[in-house]
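Undergrad: Generate a structure from the sequence data that follows.
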Amino acid sequence: MIRARSLLAAIGVALLAATVAGGVTLAILKLQARTNPQSVDIRSGVTISEDSAIVQAATRAKPAVVSIVTTQQPELSTGSGYLVTSDGYIVTSIGVLAGATSITVLVPGDARLHDARLIDYDCDTAVAVVKIDQVSGLPTLAFGDSSAVVAGQVFVAVAGPVQGNAVTRGIISALHRPASMANPSAPDSTVQLSDTLQTDAVIDSGTGGGPVLNVGGQVIGVAMPGATGQSGYALNATDIQDDVQQILQTGRVMVPSLGASTVDIGALGALKQLPEGAQIEAVTEGGPAGTAGLAIGDVITQLDEVTVDSAHPLTLLLRSQFRVNQRVTVTYTRGGSSSQVQLALVGRHPTC
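TA: I've put the predicted structure just below:
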């Protein structure tokens, strides 16, 4: 820990020295020169160049993007996050915190090293919220309209000050993509995510956990590195906004549950003669699913009138359209036949 502290102190001194010597830390733009810059309408009556919009979005975001340094004995690991409240609540991803024994945050323009504490996280969506104390008046970033995100749109991801506030530019190449990342409770295992935004850009670990922004500078996701040398992903803001709000209000995430663990079956499930939906892998003893007669191998295809599919994975559908203690009709298939049961949802904390 002493060694880690020394290294962290060195990071802080280096950042301060760079600021004094250079006056301004310039963002590193990880992009190739465009030969045909496009124009983007960001609001009615205003048209600006795409390149200009990206620079402006990154510049506005930079003061609210922090570096998160974790101790993973005997090593240090660095990622990013962003301030969501002016008194020090920070959104990041569980991948940044995996295996951490301590968390330290570096805030742009502040030479101090801030000890941080984990408030809560959600292993279904991979979002985490940490807190630094004795701060106020800090700049923040806000969520954008995630329903407006489409494949092909431009995004910009911003890293924290340890990475020189590096900027990564790219496009959202696909929606509702499955992905995996390190499990914070057991770093040798992974967490499976069912609804990420796939990008065409390589996102490094230092940018991981930082904000993914639209050209208006609003958060549409949280950066997530892909496999080494491969394109990265973003945690979908649609899935994490409710989590963040719950954590800010109550300090804890609680989501509706059937009392069963499931795995998503996409359109390729037809190759296994399975319908698209969520297949039950385990049933909690005494839980609503087991009590209603659902069993391992059943494929849940519908909740009430809502279809379960790749665009509406079961775990995310439950949290977005249902509530704890609500009675629902579950449509499922077993052995090629479709049946229905009714049950009351229970609450669970989505830990890893």
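
Undergrad: mind giving me the domain ranges of this structure?
TA: Domain segmentation of the chain under automatic domain parsing yields 1-252, 255-348.

Undergrad: Just give me how far the last one sits from the chain centre.
TA: So the one you mean is domain 255-348. Distance of domain 255-348 from the chain centroid (C-alpha atoms, centre = their mean, to the nearest Å) equals 24 Å.

Undergrad: measure that domain end to end?
TA: Start-to-end span of domain 255-348 (C-alpha to C-alpha, to the nearest Å) is 6 Å.

Undergrad: which SSE is the nearest residue to Arg323 once chain neighbours are set aside in?
TA: Taking C-beta to C-beta, 6 or more residues apart in numbering, and ignoring the residues beside it in sequence, Arg323 has Pro256 as its nearest neighbour in space, at 6.0 Å. Every C-beta, even on glycine, is put in place using the N, C-alpha and C of the backbone. According to DSSP states H and E, Pro256 maps onto strand 255-257.

Undergrad: Show me the contact partners of that strand.
TA: 122, 124, 287, 315, 318-319, 322-324, 326, 345-350 (C-beta atoms under 8 Å, 6 or more residues apart in numbering).

Undergrad: One more: stretch 188-200?
TA: With C-beta under 8 Å, 6+ apart as the criterion, stretch 188-200 contacts 94, 123-126, 149, 155, 170-183, 212, 220-221, 224, 231-236, 238-239, 263-264, 310, 313, 315-316, 352.

Undergrad: among the residues you listed, which ones are buried?
TA: The neighbour count (16 or more other C-beta atoms under 10 Å) marks 94, 123-126, 149, 155, 170, 172-173, 175-177, 179-183, 212, 220-221, 224, 232-236, 238-239, 264, 310, 313, 315-316, 352 as buried among these.

Undergrad: Those in helices, which ones?
TA: 94, 238-239, 315-316 (DSSP state H).

Undergrad: any chance of the residues you listed in CSV, plus distance to Ala53 and pLDDT?
TA: Listed next are these as CSV, based on distance: C-beta to C-beta, whole Å; pLDDT from 0 to 100:
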residue, distance to Ala53, pLDDT
Ile94, 31, 93
Thr238, 22, 90
Asp239, 25, 90
Thr315, 34, 88
Leu316, 30, 85
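
Undergrad: about what we covered before: taking the contacts of stretch 188-200 one by one, which sit in strands?
TA: Here DSSP state E is the test, and the contacts of stretch 188-200 give 155, 170-182, 212, 220-221, 224, 233-236, 263-264 as lying in strands.

Undergrad: quick revisit: of the ones in helices among the buried ones among the contacts of stretch 188-200, which is the nearest to Gly144?
TA: Comparing these against Gly144 with C-beta to C-beta places Thr238 closest, at 10.5 Å.

Undergrad: which residue packs closest to that closest one, ignoring adjacent ones?
TA: Ser146 is the one closest to Thr238 (C-beta to C-beta, 6+ apart), at 4.0 Å.

Undergrad: Give me the phi and psi for the one you found.
TA: Per-residue torsions, Ser146: phi -70, psi -20 (degrees, to the nearest 10).

Undergrad: so who does it touch?
TA: Ser146 is in contact with 220, 236-238, 241, counting by C-beta under 8 Å, 6+ apart.

Undergrad: Take those residues and write them to TSV, including distance to Ile103.
TA: Converted to TSV, those look like this (distance: C-beta to C-beta, whole Å):
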residue	distance to Ile103
Ile220	25
Asn236	24
Ala237	23
Thr238	27
Gln241	23
